[in-house]
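In: Everything below, folded, please.
(chains A and B)
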Amino acid sequence: MDVREFDSPTKNTWCPGCGNFSILTAAKHVMAELVKSGDVKPEQIVISSGIGCHGKISDYIKVNSFYCLHGRVVPSLMGIKVANQRLKVIGFAGDGDAYDEGISHLIHAARRNLDITIIVHNNQVFALTTSQVTPTTPIGFKTKSAPKGSFEAPLNPLHLMLACGATFVARGFTGDMQHLRALILQAARHRGFAFIDVLQHCPSFNPTLQKFKPKVYDINKEGHNVQDFAAAWERAKEWNDRIPIGLFYCVEKEIYEKQLMGGRVLADEKPLSSVRDVLKKFM
Amino acid sequence: MQDISFLMGGQAGDGVMRTAELLGETLNRLGLYAFVINDYQSLIRGGHNFCKVRASDQQVWSHLEAVELIAALDQDTIAHHKNELTKGGRVLFDSDKASYEGPYKSHPIPLSGMIKEIEGIPIMRNSAMIGAIAYLYGIPLEPVNEILTRAYGKKVEKNILLAKRGYDHAKQNFDPILKLEPIKRNPTPFITGAEAVSLGAVKAGMKVYIAYPMTPSTSILSFMGTYQDQLGIVAIHPENEIGVANMALGVAYGGVRCMVGTAGGGFALMQEAFSMAGQSEIPVVFVVGQRPAPAVGVPTYTAQADLRFVLHAGHGEFPRIVVAPGDPEEAFVNAGEAMNLAWKYQVPAIILMDKHLLESYVSITIDERKVTVEPSSVAKSWEGEYKRYKFTDSGVSPMTFPGTSRAVVKVSSYEHDEYGHAIETPEGVTKMMQKRLRKMDGIIKDLNGRETVKIHGDHQAENLVVAWGSTKGAVLEAMQLIDKPLRFLQIIYLSPFPDWEVTKLLEQARDIVCVEVNMTGQLRSLIKEQTGHYIQKAVLKNDARPFDPVGLAGKLKRVFGWT
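Out: Coordinates of the predicted model:
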């Protein structure tokens, strides 16, 4: 399948040079790859996105989409998987979306090992609402609503997800498209909860591209053992001179859907023809 | 006429509710019509719980405030309720835990001692109490033992032994109150609103139930969880109500019929998702179980004060269905209708219930033929590219689901075009708003063929009582206690409002009284808004309790000017 078949007629309104373009392109290539390799049919892919600049990705890919409320990508996808676990679902969320408004859902989906992929467009800022702090905004970052600079300790999303039991924890970078593409493909093929925090530059409010580029390195090229939780935890601490990207942690664990309903696909099931047997218990 | 009313009470954890339920089942099994209301506090152990059990050879719709017997597992039960006893009433009590001397007949029974004799556990006091109560009402032990066996399975042996000891003790020491005659009739279930609403939804094709525990709707979650395998459904309890509602949207988008249940506070948390169901035209059914509010209110009690809340729930303008069943039979039928209408018109539907309806048991007919899976608006085929929000005359767009070949199914919380892409132009917004609102015409037409209201009592009467929801039961019973001709209009559908029925009936009446368990007359103001009729007289209260038929009859007589 040609990647252009996922092109949407909708006009793209992201700022020129936005990191979202890298994620969009990578995601479309991954979907084409998934179809080409026979993993899924195109109609079996569903994406969901929250509210914020990133959310527009639902309109920008010609594929089934659930353009949900702010912060609610995870529960929407959970519902979709409960209805039809044959579907391949990929969620896109912002850092405000995933780590502020919807953080509880993220925690629980990780702990349940729901078979979904979550890609967080982490630009460390609320951009669509013209710059406010998010849970990943660095200390000292000034915005109109925090003119003296943010003083709240930023959240480490990788530590959070490791602690919650996510079975696939990774970090991508919008400045390295090839790496991001490979990472998303790996995540989409992971059976279980796959989480990628993508360091994304925002040309308008947080242009980090040139700042991060020289610091970023791929941990998977430095002999990191992805099954070693302690090593993943240590790597995830690194932030100053070197910024690690890649797959930090990956293990196999039974998925939520399987434990909830075995192999049933509820969308295929016929309605119960009679409730007589249960009603009898009340006679 | 046989009509009995007794109370059983004890501390939370003593097993009062289960025992009253078993007694109700026994009475139902004998062919009597039973009703059991439970009253419990928001705690696990201690405190004071009680149930009132009513049974009659006629259909009963409510408990009665007054009782002829108190069965007390502790002292508090006697202290709290002795004033509710009728003349010549009796106090049956565990003489190892309580004592009673006073104007009523004292019936001590050494329940705790009986347990010790057979090396039982304290909860088994209930079985001896059941035996004693059975004797007092002339109920033989056979049906009691059958019900105990069904309830306790292999552990039943000691319970049967205790029931016999309780029965024998009563026989040796007390006179029977009366001898209940079994009645031959078609068996009906003895069932709660929670159980009935669940079964109605399942019969209409529901496959997934999602809820976060909150009284009084926890009873639905418990039922769905317990019976999920037999019903072929999946019951899910996620992290919070916001998760619940958004998951439900995902399930329905995935092509599966889904219901959620909550109380007023939980539904408050679901508002944004409820609005999204309107915007994205995703059919989801919400059961809202009312309890006294504001805020946490009086969590384990009842009220009818969320009518205005659900009618206006969610930001923005969009069609919705709101239906308020008055008993479990209606809950079964209305659940089916809510599910079918939601899926036909792609709108959110609310089944508005309350603690009194969700948790009280009643002997009532459930005819499962009344609920089917009606044809929905699922698309069979389409020309060209699939449009999830295709403009149609009815406003209903053919719906399909992800996984369908040659269809890209895009839903959105943003205002959108026919494909589901976000839009902002005034023309585009207007057109899509109109499309959604147009669906109300079809819903109204559809409802014309359904029971949106019910008319009870004397159809010639000029005096009219208007009520909704679980208050139906108290009104029906109160009417039997008033020797004047009365007509009762029960309004079942609140949105769309059945003005085509209500206006006609209000015009035929000379004197009208509205009865509601709220203090602001929410139905009354809705009727004014929808029909222009202002009902001047009302019996309103919000004391966290349902109406007692006897008390209500007195109030109705006063407001109609008959006393």
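
In: how about the helices in the stretch 201-350 of chain B?
Out: Using DSSP state H, counting those that start in this stretch, the helices of the stretch 201-350 of chain B run over residues B:218-231, B:241-253, B:264-269, B:271-280, B:307-311, B:328-345.

In: With just CA atoms, put the fifth one into PDB.
Out: Taking C-alpha atoms only, helix B:307-311 is exported to PDB below (Å, rounded to 0.1, in the frame of the first residue of the first chain):
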ATOM      1  CA  LEU B 307     -34.800  15.900  36.300                       C
ATOM      2  CA  ARG B 308     -33.700  19.400  35.400                       C
ATOM      3  CA  PHE B 309     -30.100  18.400  35.600                       C
ATOM      4  CA  VAL B 310     -30.400  15.600  33.000                       C
ATOM      5  CA  LEU B 311     -32.600  17.600  30.700                       C
END
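
In: list the buried ones in it?
Out: B:307, B:309-311 (16 or more other Cβ atoms under 10 Å in any protein chain shown). Glycine gets a C-beta too; all of them are placed from N, C-alpha and C.

In: At the contact with chain A, which residues of the stretch 251-400 of chain B appear?
Out: Residues of the stretch 251-400 of chain B found near chain A (Cβ under 8 Å from any Cβ of the partner chain) are B:251-258, B:272-273, B:276, B:366, B:368, B:373.

In: Tell me which helix or strand comes right after the helix or strand harbouring residue B:357.
Out: Using DSSP states H and E, the element containing residue B:357 is helix B:355-359. Counting by DSSP H and E, the next helix or strand C-terminal to helix B:355-359 is strand B:361-363.

In: I'd like to know which elements that next one is packed against.
Out: helix B:16-29, strand B:33-39, strand B:190-192 (3 or more Cβ pairs under 8 Å, 6 or more residues apart in numbering or on different chains; DSSP states H and E).

In: among the ones you listed, which is nearest chain A?
Out: Nearest of the helices and strands packed on strand B:361-363 to chain A, taken as Cβ to the nearest Cβ: strand B:190-192 at 4.7 Å.

In: From the chain's centre, how far out is the closest one? Work that out for me.
Out: 10 Å (Cα atoms, centre = their mean, to the nearest Å).

In: before we move on, what about stretch B:430-450?
Out: Using Cα atoms, centre = their mean, the offset of stretch B:430-450 from its chain centre is 28 Å.

In: who's in contact with it?
Out: B:278-279, B:281, B:317-319, B:321, B:337, B:341, B:344-347, B:389, B:391-397, B:415-417, B:423, B:493, B:496, B:498, B:500 (Cβ atoms under 8 Å, 6 or more residues apart in numbering or on different chains).

In: Next up, phi/psi of residue 130, please.
Out: All of this is about chain A. Main-chain torsions, residue A:130, degrees, to the nearest 10: phi 60, psi 50.

In: residues contacting it?
Out: So residue A:130 contacts A:144, A:205 (Cβ under 8 Å, 6+ apart).

In: gap between it and chain B?
Out: 17 Å (Cβ to the nearest Cβ, to the nearest Å).

In: Next one: that residue from residue A:59, what distance?
Out: Look at residue A:130 and residue A:59: by Cβ to Cβ, to the nearest Å, they are 21 Å apart.

In: okay if I get the helices and strands packed on strand B:361-363 as TSV plus mean pLDDT?
Out: Listed next are those as TSV, based on pLDDT from 0 to 100:
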stretch	mean pLDDT
helix B:16-29	97
strand B:33-39	97
strand B:190-192	98
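
In: CSV please, covering those and showing distance to chain A.
Out: Shown next, in CSV, are the helices and strands packed on strand B:361-363 (distance: least, Cβ to the nearest Cβ, whole Å):
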stretch, distance to chain A
helix B:16-29, 8
strand B:33-39, 12
strand B:190-192, 5
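
In: helix/strand/coil for residue B:451?
Out: At residue B:451 the chain is in coil, as set by DSSP: H, G, I helix; E, B strand; the rest coil.

In: Wait, it touches residue B:491, no?
Out: No: using Cβ atoms under 8 Å, residue B:451 is not in contact with residue B:491, being 10.8 Å away.

In: These two: who's more crowded?
Out: residue B:491 (24 against 15; other Cβ atoms under 10 Å in any protein chain shown).

In: That one contacts residue B:468, correct?
Out: Yes: the pair residue B:491 / residue B:468 is scored as a contact, 4.8 Å apart, by Cβ under 8 Å.

In: any common contacting residues for these two?
Out: Joint contacts of residue B:491 and residue B:468 (Cβ under 8 Å, 6+ apart) are B:324, B:523.

In: Could you pull up phi and psi at residue A:216?
Out: phi -70, psi 140.

In: and if you look at residue A:194?
Out: Dihedral angles for residue A:194 - degrees, to the nearest 10 - are phi -110, psi 130.

In: Return the per-residue confidence for it.
Out: Residue A:194 carries a pLDDT value of 98.

In: need the contact list for it.
Out: Going by Cβ under 8 Å, 6+ apart, the list of residues near residue A:194 reads A:116-118, A:166-168, A:170, A:186-188.

In: if we go to 6 Å?
Out: Applying Cβ atoms under 6 Å, 6 or more residues apart in numbering or on different chains, we find residue A:194 in contact with A:117, A:168, A:187.

In: Isn't the second one up against residue A:190?
Out: Same thing as residue A:168. Yes: between residue A:168 and residue A:190 there is a contact at 4.4 Å, judged by Cβ atoms under 6 Å.

In: and those two? which has more neighbours close in?
Out: residue A:168 (27 against 20).

In: what's the burial count for the nearest residue to residue B:375 once chain neighbours are set aside?
Out: In space, residue B:375 comes closest to residue B:344 once its chain neighbours are excluded; the distance is 7.5 Å by Cβ to Cβ, 6 or more residues apart in numbering or on different chains. Neighbourhood size, residue B:344 [other Cβ under 10 Å]: 20.

In: got any ranges where the chain has weak pLDDT?
Out: As the question left the chain open, I've gone with chain A. Along chain A, the model assigns pLDDT under 70 to no residue.

In: looking at chain B here, not the other one
Out: Using pLDDT under 70, nothing in chain B is flagged.

In: Quick check: can you list the domain ranges of it?
Out: Using automatic domain parsing, the domain parsing of chain B gives B:3-173, B:190-370, B:453-560.

In: Could you single out the most deeply buried of those domains?
Out: Among these, the stretch with the highest mean neighbour count (mean count of other Cβ atoms under 10 Å in any protein chain shown) is domain B:190-370, at a mean of 24.

In: got a list of what residue 203 touches?
Out: No chain was given, so I picked chain A. A:15, A:17.

In: Please refer instead to chain B.
Out: Neighbours of residue B:203 in contact, by Cβ under 6 Å, 6+ apart: A:275, B:336, B:368, B:371.
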